[in-house]
Structures are given as structure tokens and as C-alpha cells.
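Engineer: Fold the following.
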Amino acid sequence: MKKITFKNGIIITLATMMAMAAMTGCSKNVAEDEGIANEIADEETPLASAEEVVSEVSAAPYFSKGVYVNYAKDAENPPKTYFYVFSDDSYGYTADGENDDIGVPFDITQTDGQVEFSFGGAEESKDVLVITGAENGMVYGCFEDVPDRELVFEPVADADPENFSAVNYLSSMTGGDNVYRDANGWSVHYNPSCITVNQGGPVTTFVYTGDCAGTCMITATYDVDKDAKTAAEDLAASYGDQAMVSDCVFPGTEDVEGFYVDAVPGQTGPGLYASAFVREYMGGYLIFEFTQHVAGDDEMDMAVSDNLSAIIDSLSFE
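Structural biologist: Numbers count the residues shown, from 1 in each chain. Model prediction:
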């Protein structure tokens with residue numbers, strides 16, 4: 001009985017092996033046939049069109065109101081000093097933090113898969129940024145004229161596009177000076193750790209916020225209601241009878257004539273010292289006036305004087 005069972009088992013096993021071999025051969029033939037069919041299909045199927053590739057990128061718009069730092073995607077440790085500032089999703093300007101905020105305005109048109117930039121204004125020629133990706137606020141793309149250089153546009157958190165300065169943003173990370181640029185064409189550097197800038201109409205103040213005996217500040221005023229000499233004389237009269245007006249070369253220039261107004265220390269108030277520079281400017285006059293309360297503490301008073309003087313020493317005109 002066992003022999004019969006064993007023999008039958010061999011027969012069944014052989015039959016099974018033959019069947020598996022047959023199936024394997026069939027599978028191989030089917031696979032080869034499918035491979036040939038796929039090769040034929042690949043040869044006959046055209047490559048995806050640009051529109052089909054673009055369809056894989058998220059839809060426009062890609063840029064919204066905000067500030068984006070721009071750098072090459074394949075750069076190792078990029079400096080991240082060049083910025084695109086979008087006032088909204090249709091226009092903005094560039095700002096170079098390594099080159100005194102120099103940049104150009106631009107208009108943009110955003111469509112699915114690309115963004116057209118008109119640097120310098122809407123009437124200028126268009127530079128097309130082909131979008132290669134957009135996720136988590138990051139935008140990736142290549143300008144058509146440099147297709148092998150993929151760029152990254154990375155959002156700058158908490159940056160205010162209404163009042164953004166690339167120089168000041170970078171300075172805030174290194175503890176350096178900030179720059180104030182006035183709409184009337186002059187600028188100064190100041191230490192943001194102890195100077196607060198307030199701007200309102202024709203008057204801008206730089207207020208010292210460190211230790212001092214009282215109000216210490218520079219007040220910059222531009223007006224057109226009188227000429228510079230009259231403005232200097234009127235300011236001297238407000239200081240008191242002993243105040244002096246003398247000729248000078250105006251700070252931030254090499255040859256612009258101005259007036260220096262100097263009050264006697266204490267004459268305008270206890271421990272208070274006042275002085276000013278005045279010049280003709282844009283059909284009117286420009287005044288930079290110092291107001292400083294003296295404490296009698298050399299270290300404290302010197303810190304105040306150094307920080308206020310540094311502002312005037314950095315004065316420049318466009």
C-alpha cells in the first residue's frame with residue numbers, strides 16, 4: 001500500500017512540475033510579448049508637451065504680498081542678501097542688501113507655470129520665470145534666458161513689505177547700523193540698539209534711548225517757508241541772546257555752504273545744550289538740530305555725544 005502511494009506521489013509530483021514548467025514558459029512568452037508591445041508603444045507615444053509638464057506645478061499665483069530672499073538652488077551656503085519685495089501679487093521691487101539697497105521696480109503677470117517680470121516698469125521687456133515648483137511658500141524657477149540655473153524664492157518671516165530695507169534686515173542679524181533714507185533725498189546711519197527714529201511730515205527725529213540725563217536727540221526739519229539764513233537766525237533767537245550763527249561747510253558735503261547755530265550751554269535750560277546745522281535745500285532749508293541734556297557723567301555724556309555725532313558724520317545726499 002505504501003509503495004502504491006509513493007508511486008502515485010511521484011507521478012503527481014512529476015505532473016505538477018511539468019505543469020509549472022509549462023506555465024513558466026507561457027508567462028515568459030507573455031512577458032516578452034508585453035515588453036515588445038511596451039517598446040512599440042513607447043516608440044509611438046510622443047513626449048509630454050510643455051503644457052502637460054507645467055500642469056504638474058501648482059496653479060498661479062505663486063507670489064503674494066511679502067518679502068522673498070532670492071538665491072541659486074544649487075549654491076552651497078548662499079549669502080541670502082538679495083531680495084524681491086512684493087507690494088502685492090502684481091508689482092514690487094528688488095533690494096540688494098550688499099549694495100546699499102539698490103534695486104529696480106518690477107511689474108509681474110502670474111499665469112499657471114510661469115511669471116512674467118517687467119523690470120523697470122510695465123512698459124519694459126519681459127523676463128519669464130518658468131516655475132519648477134512651489135510648496136510651503138517657497139517658489140522655485142528658472143528664467144528662460146538662464147534655463148540651467150534654478151532659483152529659490154524663500155519667504156522672509158515677519159518682514160514688512162511696506163517698510164522693508166535689505167540693509168537694515170541684514171544688520172539686525174549682525175548687530176550693525178541701520179540706514180534711514182528720507183524721501184527728500186538724504187540718508188544717515190544710526191545704531192538701532194539706542195536710537196529710535198520717528199518720522200512725521202517734514203520732521204524726522206532720532207531719539208537716544210540709552211542712559212542719559214534727559215531728552216537727547218537730533219531733529220531734522222525740511223521746509224520752504226523761509227531761506228536758510230533766516231531759518232538759522234530765527235533758531236538762534238529762540239536759543240537766546242547769546243546764541244551764535246557762523247558760516248560752515250554743511251555735513252555730508254565737501255563744498256555746500258551752511259550755517260552753524262550754537263547756544264551757550266545751559267542757556268536753553270538746566271544742563272541743556274543745543275546746536276544746529278542749516279543749509280539751503282530744494283527751494284527751502286534743511287536743519288539738523290542737536291538737543292542734549294548733560295549729566296556731568298563723562299562716560300554717560302560721551303556715549304550720547306558719540307551716537308548722535310555718528311548720525312551726522314554719516315549724512316549723505318543723493
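Engineer: Got the domain ranges for this protein?
Structural biologist: 2-45, 66-161, 181-317 (automatic domain parsing).
Engineer: Make a markdown table out of those domains and add mean neighbour count, mean pLDDT and distance to residue 59.
Structural biologist: Using the backbone N, CA and C atoms, a C-beta is placed for each residue, glycine as well. Below are these laid out as a markdown table (neighbours: other C-beta atoms under 10 Å; pLDDT from 0 to 100; distance: least, C-beta to C-beta, whole Å):
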| stretch | mean neighbour count | mean pLDDT | distance to residue 59 |
| --- | --- | --- | --- |
| domain 2-45 | 10 | 41 | 26 |
| domain 66-161 | 16 | 96 | 5 |
| domain 181-317 | 16 | 95 | 38 |
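Engineer: Relative to residue 167, which of those domains is closest?
Structural biologist: Residue 167 sits nearest to domain 66-161 of all these, at 5.1 Å, using C-beta to C-beta.
Engineer: Now the terminal residues of that closest one, how far apart.
Structural biologist: Terminal residues of domain 66-161 are spaced 5 Å apart (C-alpha to C-alpha, to the nearest Å).
Engineer: wait, which of the domains of the chain is closest to residue 175?
Structural biologist: domain 181-317 (7.5 Å).
Engineer: show me where the stretch 51-200 of the chain has helices.
Structural biologist: Along the stretch 51-200 of the chain, the segments classed as helices by DSSP state H, counting those that start in this stretch run 166-174.
Engineer: Against residue 126, how distant is the nearest residue to residue 139 once chain neighbours are set aside?
Structural biologist: Closest residue to residue 139 apart from its sequence neighbours, by C-beta to C-beta, 6 or more residues apart in numbering: residue 153 at 4.1 Å. As defined by C-beta to C-beta, to the nearest Å, residue 153 lies at a distance of 18 Å from residue 126.
Engineer: Could you do residue 86 as well?
Structural biologist: Counting by C-beta to C-beta, the gap from residue 86 to residue 126 is 17 Å.
Engineer: now could you export just the CA positions of the helix or strand encompassing residue 260 as PDB?
Structural biologist: Residue 260 is part of strand 257-262, with elements assigned from DSSP states H and E. Provided in PDB are the C-alpha atoms of strand 257-262 (Å, rounded to 0.1, in the frame of the first residue of the first chain):
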ATOM      1  CA  GLU A 257      27.800 126.400   2.400                       C
ATOM      2  CA  GLY A 258      25.700 126.300   5.500                       C
ATOM      3  CA  PHE A 259      25.200 127.900   8.900                       C
ATOM      4  CA  TYR A 260      26.100 126.600  12.300                       C
ATOM      5  CA  VAL A 261      23.900 127.800  15.200                       C
ATOM      6  CA  ASP A 262      25.400 127.400  18.700                       C
END
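Engineer: how distant is it from the center of its chain?
Structural biologist: On the basis of C-alpha atoms, centre = their mean, to the nearest Å, strand 257-262 sits 38 Å off its chain's mean C-alpha point.
Engineer: And the contacts of that strand?
Structural biologist: Contacts with strand 257-262, where a contact means C-beta atoms under 8 Å, 6 or more residues apart in numbering, come from 228-229, 232, 235-236, 239, 243-250, 275-280.
Engineer: cool, stretch 114-121 as well?
Structural biologist: Residues from elsewhere that reach stretch 114-121 (C-beta under 8 Å, 6+ apart): 54, 60, 62-63, 94, 104-110, 124-131, 141.
Engineer: if we can go back for a sec, please pull up the helix or strand immediately following the strand holding residue 260.
Structural biologist: By DSSP H and E, the next helix or strand past strand 257-262 is strand 272-281.
Engineer: Given that next one, what are its sheet partners and their directions?
Structural biologist: The strands beside strand 272-281 in its sheet (DSSP bridges) come out as strand 257-262 (antiparallel), strand 284-293 (antiparallel).
Engineer: Compile those strands into JSON lines and extend it with columns for distance to residue 99.
Structural biologist: Shown next, in JSON lines, are the strands paired with strand 272-281 (distance: least, C-beta to C-beta, whole Å):
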{"stretch": "strand 257-262", "distance to residue 99": "30"}
{"stretch": "strand 284-293", "distance to residue 99": "26"}
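Engineer: Quick one, which of those strands gets closest to residue 204.
Structural biologist: Taking C-beta to C-beta, strand 284-293 is the member of those nearest to residue 204, at 9.7 Å.
Engineer: so after the closest one, what's the next helix or strand?
Structural biologist: Assignment by DSSP H and E places the next element after strand 284-293 at helix 298-313.
Engineer: gap between the residue nearest to residue 185 when sequence neighbours are not counted and residue 182?
Structural biologist: Distances taken as C-beta to C-beta, 6+ apart put residue 318 closest to residue 185, at 4.5 Å, once the chain neighbours are dropped. Separation of residue 318 from residue 182 (C-beta to C-beta) stands at 10 Å.
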